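>>> how does the following fold in three dimensions:
(2 chains)
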Protein chains: 2
Amino acid sequence: MSSIDALLERRYRVLGRNSPLFYERPLHLVRGEGVWLWDDAGRRYLDAYNNVPHVGHCHPHVVQAIAKQAATLNTHTRYLHEGIVAYAERLTATFDPSLSMLMLACTGSEANELALRIANVTSGGEGVICTNFAYHGNTRAVAQISTVFPPPEGFGPHIRAIPPPDSYRGLRGLSGTALEDAYVGEVRAAIESLAAQGIRLAAMLVCTLFSSEGLPHVPPGFMRRAVDLVRKAGGLYIADEVQGGFGRTGRHMWGHEQYGVVPDLVTLGKPMGNGHPISGVVGRADLIQEFGGKVMYFNTFGGNPVSCAAASAVLDVIQNEKLQENARVIGDYVVAGLERLAQRHSIIGEVRGKGMFFAADLVRDRATRAPAGAEAKRVINMMRDRGVLISRIGPHDNILKIRPPMPFTKEHADLLLATLDDVLGRL
Amino acid sequence: MSSIDALLERRYRVLGRNSPLFYERPLHLVRGEGVWLWDDAGRRYLDAYNNVPHVGHCHPHVVQAIAKQAATLNTHTRYLHEGIVAYAERLTATFDPSLSMLMLACTGSEANELALRIANVTSGGEGVICTNFAYHGNTRAVAQISTVFPPPEGFGPHIRAIPPPDSYRGLRGLSGTALEDAYVGEVRAAIESLAAQGIRLAAMLVCTLFSSEGLPHVPPGFMRRAVDLVRKAGGLYIADEVQGGFGRTGRHMWGHEQYGVVPDLVTLGKPMGNGHPISGVVGRADLIQEFGGKVMYFNTFGGNPVSCAAASAVLDVIQNEKLQENARVIGDYVVAGLERLAQRHSIIGEVRGKGMFFAADLVRDRATRAPAGAEAKRVINMMRDRGVLISRIGPHDNILKIRPPMPFTKEHADLLLATLDDVLGRL
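Next comes the predicted model:
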């Protein structure tokens, strides 16, 4: 029995067989640094998948901040601490001035839970508009809008899932104003359908990249009209920045900025503490004050001094190493490289990119766009065997998901592209 | 403006005025070590309240484990890692053999969310029995059973809150078998009331210490009969060990052991990582496997290598420093001391203790047991001014809550008792 098989057997016994694992041959990792990971045999892998280690695996500045604060004090927000106040000031300063308050939690699920509760309590409504094939977290309320994994509990009557603004599949063939009109029409229909059942709208909650939906090309103007409708119906616009935030898009610090409409609440997660569990909701002061007056919300670990030190160090590194700028430059470079691959490999139906986040929609036939799910599975496993880590997404599991840590360079991009070229040539 | 006022003003601006703070004059803390905390003026406080720093503030063994693993690798459970498997094996070994599997998350709220979802999905039921004045977390589903803070959303028809087995107030005057009968009768009535509305029982979820309810003296036998009824109705018994676990009770590693009936699921939180955000559900393998087969549950930060290193170090310290034994010995010592104070101060209506967790029910009149809420508020603020940190709980906010870190010694206990004696004498 190999060391991996032995560990796997032990894992099955204590975590069960359903705890998800990547790849046909799971990876046993022991070390990380920058964009690199090492397995127990000493083999190195280029990480082109993980966005949690946003500023790079084990970044010394973040590690140092955690170690120092953990040795000094770790309490909670019912005592005063400079760290949380300074971090909140610094973080909110990166948003539109109307988004001036912060509530801290530990996971993206908790952030979306909290945002939905704020919307419910302040709007008096229950209805939520989300998109098909979205993922926002794993709590019971949030699982209702994580439509990529339909919950066995079923969907409540307050949920309306609409197609994402995807011109390649969901709203096929539409583009520009016609795509906008179609998406806005879906939002209007959802509001009307809720109203017809006597359900008041609480919020529309979307990932600003529609990333689990496949990172579609979206017309930036569509969001303003959709949000106008939502607000007229009494609902809030909640922007989920768990995937799109912290400079990932290259052009903006926050994914929602591309749409030119300021959200009412913004949820933050994965990259916030570079792997240390911290998440949050940034929002309008009036909403957070009203919610706080009605709900005694306290999160024991949320906003503790160590979490705030980690999160603050992440902002330092983004700034010091110009990682947003890097996401723009390298992002464009990778997209251009993927476009070149698409010229050589007809299996690539469409290339998509938003800063340091890429998708390649694999198809069996460019005319029918028949999704190549089995091929995508082979690709990610062959990539893994060749030392490059990526994954796949979308309703048909046929879209390559490439989302490296932010300090990804041209050299890393060249290795990614060359390996993918080789793998696609051998399919 | 003092430094505290200035920080408070800044905090109000970015966190809002409703983010809860302890004490009339909030504490600005800057350092912690063992059972001691220091404020920004260099003043030292005896921590007789916080159970999150279970093995002591900034314990060097835990800090070292976090620093070392954070510098080595921090990923998630979709890769294999020895740390999570070894921790899961070690943790489950402290439970009855039927509780052989572990799912990891980040907060107590997430653990209770997950346990409720497992109960819903595996039982096919929705009904939940909880107790009055309980606290189990802040998500929407868990807020439904956190009856101490009635949610503005209201309680759903699936919730049945029953009085805790409290002979001092809730089920006043009853004791022994009569108290058991009364509590079991409440459980039976709740099940029947759910059934009458066509709602199937999913679970009974209780804190094993009934700690937010006031840490009542409970007859240990009552739980077996209650759980028999719950199981006959198709529900699970979920033991919330966020407060009672990890040796806190002194006599047992887990609070539920005192009742002699093995739960179906156990939820863990606060003390698990000594302040590092980690939580979990330990449960029957069949339930966790069935749930995992139906729900794609993944928690990005849950069970990451750093969290597992922190949690494993906590188990080391509990063992190496014999902290469970210390909780028993010092726990008895503090209870005896509080009983002596009760002889001198008639405001103490009843003294309660479970290992290193104490409560003193303050009353204006021992005959009527009229709760002395305002006095309790004065006591905790006077204690704070004298350098000893405690809090208060219960439906009338009149019960002193004393729950120090586990390495609390006789000397610390003497300081706590002497300060409380002085404060009660000055009321």
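
>>> and the residue nearest the centre of chain A?
In chain A, the residue lying closest to the centroid (CA atoms, centre = their mean) is A:Gln243, at 2.1 Å.

>>> which one is the residue of the stretch 1-150 of chain A found nearest chain B nearest to, not counting chain neighbours?
Distances between the stretch 1-150 of chain A and chain B by CB to the nearest CB are smallest at A:Asn18, namely 2.6 Å. Just so you know, the C-beta spots here come from the backbone N, C-alpha and C atoms, and that holds for glycine as well. Counting by CB to CB, 6 or more residues apart in numbering or on different chains, B:Gly292 is the residue found nearest to A:Asn18 once chain neighbours are left out, at 2.6 Å.

>>> run a quick neighbour tally on the one you found.
Other residues lying near B:Gly292 total 20 when counted by other CB atoms under 10 Å in any protein chain shown.

>>> how is chain A divided into domains?
Domain segmentation of chain A under automatic domain parsing yields A:3-55+A:322-425, A:60-320.

>>> residues from the stretch 101-250 of chain A in reach of chain B?
Residues of the stretch 101-250 of chain A lying near chain B by CB under 8 Å from any CB of the partner chain: A:101-103, A:105-110, A:113-114, A:116-117, A:120-121, A:138-141, A:143, A:149, A:151-153.

>>> ok, now which ones touch the residue of the stretch 1-150 of chain A closest to chain B?
By CB atoms under 8 Å, 6 or more residues apart in numbering or on different chains, A:Asn18 lies in contact with B:Ile288, B:Gln289, B:Phe291, B:Gly292, B:Gly293.

>>> between those, which has the most around it?
The contacts of A:Asn18, ranked by neighbours (other CB under 10 Å): first place B:Ile288, 28 neighbours.

>>> helices or strands up against the helix or strand hosting that one?
Taking DSSP states H and E as the definition, B:Ile288 sits inside helix B:285-294. In terms of contacts (3 or more CB pairs under 8 Å, 6 or more residues apart in numbering or on different chains; DSSP states H and E), helix B:285-294 is packed against strand B:101-105, helix B:108-123.

>>> surely A:Arg352 is within a strand?
Yes - A:Arg352: assigned to a strand according to DSSP: H, G, I helix; E, B strand; the rest coil.

>>> just the local confidence number for it, please.
Reported pLDDT at A:Arg352 in the predicted model: 97.

>>> repeat for A:Lys401
98.

>>> quick one on the thing from earlier: from chain B, how far out is the closest residue in space to the residue nearest to the centre of chain A that isn't next to it in sequence?
In space, and not counting its chain neighbours, A:Gln243 is closest to A:Ser211: 4.4 Å by CB to CB, 6+ apart. Distance, A:Ser211 to chain B, by CB to the nearest CB, to the nearest Å: 14 Å.

>>> and the helices and strands packed on helix B:285-294 as TSV, adding mean pLDDT and mean neighbour count?
Output for the helices and strands packed on helix B:285-294, formatted as TSV (pLDDT from 0 to 100; neighbours: other CB atoms under 10 Å in any protein chain shown):
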stretch	mean pLDDT	mean neighbour count
strand B:101-105	98	28
helix B:108-123	98	28
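
>>> could I get these in CSV, plus columns for distance to chain A?
As requested, the helices and strands packed on helix B:285-294 are exported to CSV (distance: least, CB to the nearest CB, whole Å):
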stretch, distance to chain A
strand B:101-105, 5
helix B:108-123, 5
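
>>> would you pull up the residue in the stretch 201-350 of chain A closest to chain B?
For the stretch 201-350 of chain A, CB to the nearest CB, closest residue to chain B: A:Gly292, 2.7 Å.

>>> if I pick that residue, what's in contact with it?
Applying CB under 8 Å, 6+ apart, we find A:Gly292 in contact with B:Gly16, B:Arg17, B:Asn18, B:Ser19.

>>> from the contacts of A:Asn18, which is closest to A:Gln319?
Nearest to A:Gln319 among these, counting by CB to CB, is B:Gly292 at 40.9 Å.

>>> do you know the pLDDT at that closest one?
97.

>>> quick one: low-confidence ranges for chain A?
Scanning chain A for pLDDT under 70 picks out A:1.

>>> quick one: the residue of the stretch 201-350 of chain A closest to chain B and B:Arg11, what's the gap?
13 Å (CB to CB, to the nearest Å).

>>> overlap in contacts of these two?
By the contact definition CB under 8 Å, 6+ apart, A:Gly292 and B:Arg11 are jointly contacted by B:Ser19.

>>> what does the stretch 251-400 of chain A put close to chain B?
A:269-270, A:274-278, A:285, A:288-289, A:291-302, A:304, A:306-307.

>>> can you select the buried ones from those in PyMOL?
Buried subset of these, written as a PyMOL selection, criterion 16 or more other CB atoms under 10 Å in any protein chain shown:
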select buried, chain A and resi 269+270+274+275+276+277+278+288+289+291+292+294+295+296+297+299+300+301+302+304+306+307
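
>>> how about the helices in the stretch 301-427 of chain A?
Using DSSP state H, counting those that start in this stretch, the helices found in the stretch 301-427 of chain A span residues A:305-320, A:323-344, A:373-385, A:410-425.

>>> now the stretch 51-200 of chain A
Shown for the stretch 51-200 of chain A, the helices assigned by DSSP H, counting those that start in this stretch span residues A:60-72, A:82-92, A:108-123, A:140-143, A:176-196.

>>> from these, which stretch is densest packed?
Across the helices of the stretch 51-200 of chain A, the average number of neighbours (mean count of other CB atoms under 10 Å in any protein chain shown) peaks for helix A:108-123, which reaches a mean of 28.

>>> between helix B:108-123 and it, find me the angle.
Angle of helix A:108-123 versus helix B:108-123, following axes from the mean of the first three to the mean of the last three CA atoms, to 10 degrees, is 90 degrees.

>>> tell me what angle helix A:108-123 forms with helix A:285-294.
Going by the same axes, to 10 degrees, helix A:108-123 makes 90 degrees with helix A:285-294.

>>> could you dump helix A:108-123 to PDB, C-alpha only?
Extracted C-alpha coordinates of helix A:108-123, given in PDB (Å, rounded to 0.1, in the frame of the first residue of the first chain):
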ATOM      1  CA  GLY A 108     -17.700  33.100   3.500                       C
ATOM      2  CA  SER A 109     -20.800  31.100   4.400                       C
ATOM      3  CA  GLU A 110     -21.100  33.200   7.600                       C
ATOM      4  CA  ALA A 111     -20.600  36.400   5.700                       C
ATOM      5  CA  ASN A 112     -23.400  35.500   3.300                       C
ATOM      6  CA  GLU A 113     -25.600  34.300   6.100                       C
ATOM      7  CA  LEU A 114     -25.100  37.600   7.900                       C
ATOM      8  CA  ALA A 115     -25.800  39.600   4.800                       C
ATOM      9  CA  LEU A 116     -29.000  37.700   4.100                       C
ATOM     10  CA  ARG A 117     -30.100  38.200   7.700                       C
ATOM     11  CA  ILE A 118     -29.400  41.900   7.500                       C
ATOM     12  CA  ALA A 119     -31.500  42.000   4.300                       C
ATOM     13  CA  ASN A 120     -34.300  40.100   5.900                       C
ATOM     14  CA  VAL A 121     -34.400  42.100   9.100                       C
ATOM     15  CA  THR A 122     -34.000  45.600   7.500                       C
ATOM     16  CA  SER A 123     -36.300  45.000   4.500                       C
END
